[in-house]
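Undergrad: Sequence unavailable; structure follows:
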């Protein structure tokens, strides 16, 4: 029995641990439904396997790296945390990252995972080429010049086209970020957010949803040496305050939900300024020990202020039992040309809403989904949502192109599951 990180999906399946491309192909040709399940950090059932689950924990590590061009080929099962460490030893880095590094490289790109930066794309925009094992057991490569339609589909492929065996990524020289974190108020941050996006390399904020308090985070690339937080302060800030203490707060909210709004205010009021510099992967990524459920929609960036103000109105009307204890996260990304990327064709804002495990979330999540739908919101492929293929088709100009490529490479639906049947159609 397998359960994902958020405990929102589980299944019982035969597990295969391939350690070569040939062994991946052998599993694919077994005559069963096959899913590569990554690290299980998706919040929905995208990784659920009905017959065979490919656990790629023995198919990891960098295959080759060119430190001159920055092109790095990595096996698909490599966790981001391990890949980041290996890149750093080579003097390289990913151009952008999200704030969690538990995912496998293939799982992160396949669901359109992203960081933040108005001039930077989702993680999949760093893909130079891919190698996949298709339903017939063949091993094929694709890039902008080799099988370009397969490339356009497979960069964010949801695991629906084949099993990614290796990815070649365009990496950059290691860089240091100056991190600045400060408390703020929602209206003031919204008023200056466009200006911040124009001048900051990476900007985001976390909103305590039942108050007007936010944490504003700005990360900018610098050429001076890193000056990280001391080990003692790192332990205090991240392990004690952001995990142990916040975990205690969530327990209080679970037991006494009527106090959730006051706890929002208290947590926001306790935020202090923090400034340090460190190598990029150490700044982007934050340890997450407190488990939660999450939904996220990408929306046209110009609609962000209106959507957040509607969410604030909803927050004021909700019963206390439906209040969210975990802050809402707001980030941005540049438009791209990947067929099923959540930023396809438009500069994008992302609003992620979270709730601690064991607390009510459906009322707020449903209200958010309705608001996002009114502006053409696209759900994160790996997070909680109820949309179907009929809902999603109008949101993606190349949706039917993706389905056409899927019909070509997996006509027998070797790689399907219930989630894909819902979002792509059966």
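TA: Structure received. Because the structure is predicted, anything quoted here is derived from the model rather than measured.

Undergrad: can you give me the helices in the stretch 101-250 of the chain?
TA: Assigned helices in the stretch 101-250 of the chain, in chain order: 105-110, 148-154, 186-199, 231-234, 246-255 (criterion: DSSP state H, counting those that start in this stretch).

Undergrad: As TSV, those helices with distance to residue 29 would be great.
TA: To be clear about C-beta, it is placed using only N, CA and C from the backbone, and glycine gets the same treatment. Putting these into TSV (distance: least, CB to CB, whole Å) gives the following:
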stretch	distance to residue 29
helix 105-110	20
helix 148-154	20
helix 186-199	48
helix 231-234	48
helix 246-255	45
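
Undergrad: For residue 323, find the nearest of those helices.
TA: Closest to residue 323 of the helices of the stretch 101-250 of the chain, according to CB to CB: helix 246-255, at 7.8 Å.

Undergrad: on that earlier part again, can you redo the helices of the stretch 101-250 of the chain as TSV with distance to residue 89 and mean pLDDT?
TA: Putting the helices of the stretch 101-250 of the chain into TSV (distance: least, CB to CB, whole Å; pLDDT from 0 to 100) gives the following:
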stretch	distance to residue 89	mean pLDDT
helix 105-110	16	98
helix 148-154	29	98
helix 186-199	32	97
helix 231-234	20	91
helix 246-255	32	95
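
Undergrad: out of these, which comes closest to residue 41?
TA: Of all those, helix 105-110 sits nearest to residue 41, with 7.1 Å by CB to CB.

Undergrad: circling back to that earlier point, got the helices of the stretch 101-250 of the chain as JSON lines, with distance to residue 136 and mean neighbour count columns?
TA: Formatted as JSON lines, the entries for the helices of the stretch 101-250 of the chain read as follows, by distance: least, CB to CB, whole Å; neighbours: other CB atoms under 10 Å:
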{"stretch": "helix 105-110", "distance to residue 136": "20", "mean neighbour count": "27"}
{"stretch": "helix 148-154", "distance to residue 136": "14", "mean neighbour count": "21"}
{"stretch": "helix 186-199", "distance to residue 136": "45", "mean neighbour count": "15"}
{"stretch": "helix 231-234", "distance to residue 136": "49", "mean neighbour count": "11"}
{"stretch": "helix 246-255", "distance to residue 136": "48", "mean neighbour count": "16"}
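
Undergrad: right, and those - which one's nearest residue 276?
TA: With respect to residue 276, and counting by CB to CB, the nearest of these is helix 231-234 at 8.5 Å.

Undergrad: sorry, back to before: which among the helices of the stretch 101-250 of the chain is found nearest to residue 371?
TA: Smallest distance to residue 371 across the helices of the stretch 101-250 of the chain (CB to CB): 15.6 Å, for helix 186-199.

Undergrad: for the closest one, packing partners?
TA: Applying 3 or more CB pairs under 8 Å, 6 or more residues apart in numbering; DSSP states H and E, we find helix 186-199 packed against strand 202-207, strand 213-222, helix 304-317.

Undergrad: Out of those, which is the most enclosed?
TA: Scoring those by mean neighbour count under mean count of other CB atoms under 10 Å gives strand 202-207 as the most buried, with a mean of 24.

Undergrad: Which strands or helices does that one pack on?
TA: helix 186-199, strand 213-222, strand 328-333.

Undergrad: want to throw those into JSON lines with distance to residue 163?
TA: Below are the helices and strands packed on strand 202-207 laid out as JSON lines (distance: least, CB to CB, whole Å):
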{"stretch": "helix 186-199", "distance to residue 163": "37"}
{"stretch": "strand 213-222", "distance to residue 163": "34"}
{"stretch": "strand 328-333", "distance to residue 163": "26"}
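
Undergrad: who wins for proximity to residue 3 among those?
TA: When the helices and strands packed on strand 202-207 are compared by CB to CB, strand 328-333 sits nearest residue 3, at 24.1 Å.

Undergrad: quick one: strands adjacent to the helix or strand just after that closest one?
TA: Reading on from strand 328-333 to the C-terminus, the next helix or strand found by DSSP states H and E is strand 348-356. Taking DSSP bridges as the criterion, strand 348-356 pairs within the sheet with strand 292-300 (antiparallel), strand 328-333 (antiparallel).

Undergrad: would you turn those into a markdown table with mean neighbour count and distance to residue 185?
TA: Shown next, in a markdown table, are the strands paired with strand 348-356 (neighbours: other CB atoms under 10 Å; distance: least, CB to CB, whole Å):
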| stretch | mean neighbour count | distance to residue 185 |
| --- | --- | --- |
| strand 292-300 | 23 | 22 |
| strand 328-333 | 24 | 14 |
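
Undergrad: okay, these in a markdown table with mean pLDDT next?
TA: Written out in a markdown table, the entries for these read as follows (pLDDT from 0 to 100):
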| stretch | mean pLDDT |
| --- | --- |
| strand 292-300 | 98 |
| strand 328-333 | 98 |
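
Undergrad: Output these in a markdown table; the columns should cover distance to residue 131.
TA: Listed next are these as a markdown table, based on distance: least, CB to CB, whole Å:
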| stretch | distance to residue 131 |
| --- | --- |
| strand 292-300 | 28 |
| strand 328-333 | 26 |
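
Undergrad: Can you pull the poorly scored residue ranges out of this protein?
TA: Applying pLDDT under 70 to the chain flags no residue at all.

Undergrad: For the residue nearest in space to the middle of it, give me its contacts.
TA: Among the residues of the chain, the smallest C-alpha distance to the mean C-alpha position (CA atoms, centre = their mean) belongs to residue 113, namely 3.3 Å. Applying CB atoms under 8 Å, 6 or more residues apart in numbering, we find residue 113 in contact with 98, 103, 107, 122-123, 380, 382.

Undergrad: Format those as JSON lines; extra columns: distance to residue 74.
TA: Supplementary listing: the contacts of residue 113 in JSON lines, determined by distance: CB to CB, whole Å:
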{"residue": "98", "distance to residue 74": "17"}
{"residue": "103", "distance to residue 74": "13"}
{"residue": "107", "distance to residue 74": "13"}
{"residue": "122", "distance to residue 74": "17"}
{"residue": "123", "distance to residue 74": "12"}
{"residue": "380", "distance to residue 74": "23"}
{"residue": "382", "distance to residue 74": "19"}
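
Undergrad: Nearest to residue 68 among those?
TA: Each of the contacts of residue 113 was scored against residue 68 by CB to CB, and residue 123 proved nearest at 22.7 Å.
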